[in-house]
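>>> coords please:
(2 chains)
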Amino acid sequence: MKMLGRWHPRSWRRRPVAAPGSEVNFEAATTSGLDDLQARLNHWSDLWTKGNESAIRSEAQKLVAERLAKWMEHCFGQHAQSSLRGKSSQISLASSTPIFTAFLGRRATRELSRRVLQDL
Amino acid sequence: MPRMVRLIWILLALHLALGMIAYAHFLVTGRYVVLGWYFSTLGTLFFLVMTAIECCLALICRSWFDSDEPMRLAWGMIACAALARLGGVLLRAVSDGHLPWGYWHQFSQLPGGLFTNLSQMGLVVGGPLSMAFLAIGLGRVLGIQRKFHLLGSLTRADKALLVLVVAFSVSQLFIILPLLGSHPSLGTMLLWLSDPLLSLLLIEAILVRRSVIRMGQGLVAKCWGMFVLAIVVTSAGDAAIWASSHNLLSESITALSWYIWFVAAAAFASAPAYQLAAISLTRGTSTHLMGK
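Numbering: from 1, shown residues only, chains lettered A, B, ... in the order given. You can find the predicted model right below:
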């Protein structure tokens, strides 16, 4: 009955009841809070990119691109990468996910992404 | 080559090898006994197995897409096309009095005058109905390929073929329209849709072929390439029927042309097998080896 009630037209017009204490106005975060967050993020970034940071990052990106290119070749063909838009830019998970999702499905693409990012 | 695809083509090779023995018997003796038995019994069994494989694989492919994904509808339509083809083969097998299980032909006269018999109903279900489902499915795939700019521009040969297909469809209209005056059954009229639908499928196949050429030899590309092959072979089989009905082919060549339908059935079954191989590859359950 409850399930059917959700489809009743009267329930469409009903406005949600305000939760107790919903009158509380949220104030914008203080500048000190934002500064604190920024400081923490910078700290983590520094830790991540310590030493020969740019080399590490580019190696990982290159490996991902290599793996993706292999998958692209296996699934679509050797020319698929170049026939896609943005052929000048290097292949990335962000740029290749839409085509993998369209032709292989969301679940298969999730598995593929997991395999591409394995050991990285 | 994925295991399932290999299995399908090995089955086809074995079936054709048996068929060649029957054909050799026909050439030597000039009698249709063995050839007729081969096509009516083994041929029907082969079609049943192939369409059942195609239907099951297409349904599995469909299940890999969520309800909001466009390819789910495409694979759903392809599964419906395979199911219609399977239904068509079953209806024709049931109504064929020459087959061991064909005693049902006594009941094959259908009431109402929509279809003259079960065999005609089978032809409609396995022909125009199946083609309509496939045309919708491939249309959806073309839409997705266009979205990703995978559709290549047509060559002159493609354009010439398209003009030929359209001209053939228009010429068929001039043959069909005068026949409407003789009040044909619904089944007969539906069967007239076969040629226009096949023309539409050929047009789609030409466009899909362009995208396959653009992509290369990947599993997904091969999947759609198999549909193209199946449609082209079906058209060739259709053309052979037309040519033999106009006495353009000799008796031996006509008999040889019947084998083409087995190739089409195998190609149709291979298409979802390739798609499933691509999906299995991502899950690591495929026989393909994938380096890191």
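
>>> For the helix or strand hosting B:Arg146, give me every contacting residue.
According to DSSP states H and E, B:Arg146 maps onto helix B:130-147. Contacts with helix B:130-147, where a contact means Cβ atoms under 8 Å, 6 or more residues apart in numbering or on different chains, come from A:102-103, B:70-71, B:73-78, B:80-82, B:84-85, B:88, B:151, B:193-194, B:197-198, B:200-201, B:204-205, B:207-208, B:211, B:224, B:227. Backbone N, C-alpha and C define where each C-beta goes, glycine included.

>>> switch the cut-off to 6 Å
By Cβ atoms under 6 Å, 6 or more residues apart in numbering or on different chains, the residues outside helix B:130-147 that reach it are A:102, B:70, B:73-74, B:77-78, B:80-81, B:84-85, B:151, B:197, B:200-201, B:204, B:207, B:211.

>>> Would you mark the buried spots in that helix?
B:130-138, B:140-142, B:144-145 (16 or more other Cβ atoms under 10 Å in any protein chain shown).

>>> again, but for stretch B:212-224
In stretch B:212-224, residues buried by neighbour count (16+ other Cβ under 10 Å) are B:Val212, B:Arg214, B:Met215, B:Gly216, B:Gly218, B:Leu219, B:Val220, B:Ala221, B:Lys222, B:Cys223, B:Trp224.

>>> Same list, those residues, but as a markdown table with secondary structure and pLDDT please.
What follows is the buried residues of stretch B:212-224, written out as a markdown table (DSSP: H, G, I helix; E, B strand; the rest coil; pLDDT from 0 to 100):
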| residue | secondary structure | pLDDT |
| --- | --- | --- |
| B:Val212 | helix | 79 |
| B:Arg214 | helix | 79 |
| B:Met215 | helix | 79 |
| B:Gly216 | coil | 79 |
| B:Gly218 | coil | 86 |
| B:Leu219 | helix | 89 |
| B:Val220 | helix | 88 |
| B:Ala221 | helix | 86 |
| B:Lys222 | helix | 89 |
| B:Cys223 | helix | 91 |
| B:Trp224 | helix | 88 |
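
>>> Report the buried residues of stretch B:186-197.
So, applying 16+ other Cβ under 10 Å, buried residues of stretch B:186-197: B:Gly187, B:Thr188, B:Leu190, B:Leu191, B:Trp192, B:Leu193, B:Ser194, B:Asp195, B:Pro196, B:Leu197.

>>> Nearest to chain A among these?
When those are compared for distance to chain A (Cβ to the nearest Cβ), B:Leu197 comes out closest, at 25.3 Å.

>>> residue ranges with poor pLDDT in the chain?
In the absence of a named chain, chain A is used. Judged by pLDDT under 70, chain A has its weakly predicted residues at A:1-31, A:42-58, A:83-90, A:120.

>>> looking at chain B here, not the other one
Regions of chain B meeting the criterion pLDDT under 70 cover residues B:96-116, B:285-292.

>>> Which single residue in chain B comes nearest to chain A?
B:Gly216 (2.1 Å).

>>> rewinding a little: keep only those of the contacts of helix B:130-147 that are in helices.
Counting by DSSP state H, those place A:102, B:70, B:73-74, B:77-78, B:80-81, B:84-85, B:197, B:200-201, B:204, B:207, B:211 in helices.

>>> Tell me where the chain has helices.
Using chain A. A:2-5, A:9-13, A:31-48, A:53-75, A:80-83, A:93-104, A:106-116.

>>> Chain B is the one I meant
Using DSSP H, helices in chain B cover B:3-29, B:33-37, B:44-63, B:70-95, B:118-124, B:130-147, B:156-176, B:186-191, B:194-215, B:219-245, B:251-257, B:260-283.

>>> To A:Ser92, which of those helices lies closest?
Ranking these by proximity to A:Ser92 (Cβ to Cβ) places helix B:260-283 first, at 17.6 Å.

>>> residues near the closest residue to B:Leu190 other than its chain neighbours, how many?
Spatial nearest neighbour of B:Leu190, excluding adjacent residues (Cβ to Cβ, 6 or more residues apart in numbering or on different chains): B:Val124 at 4.7 Å. The tally of other residues near B:Val124 (other Cβ atoms under 10 Å in any protein chain shown) stands at 24.

>>> now do B:Gly284
B:Gly284: 12 neighbours (other Cβ under 10 Å).

>>> Please apply the same query to B:Phe268.
29.

>>> Same question for B:Lys159.
Using other Cβ under 10 Å: B:Lys159 sits among 11 other residues.
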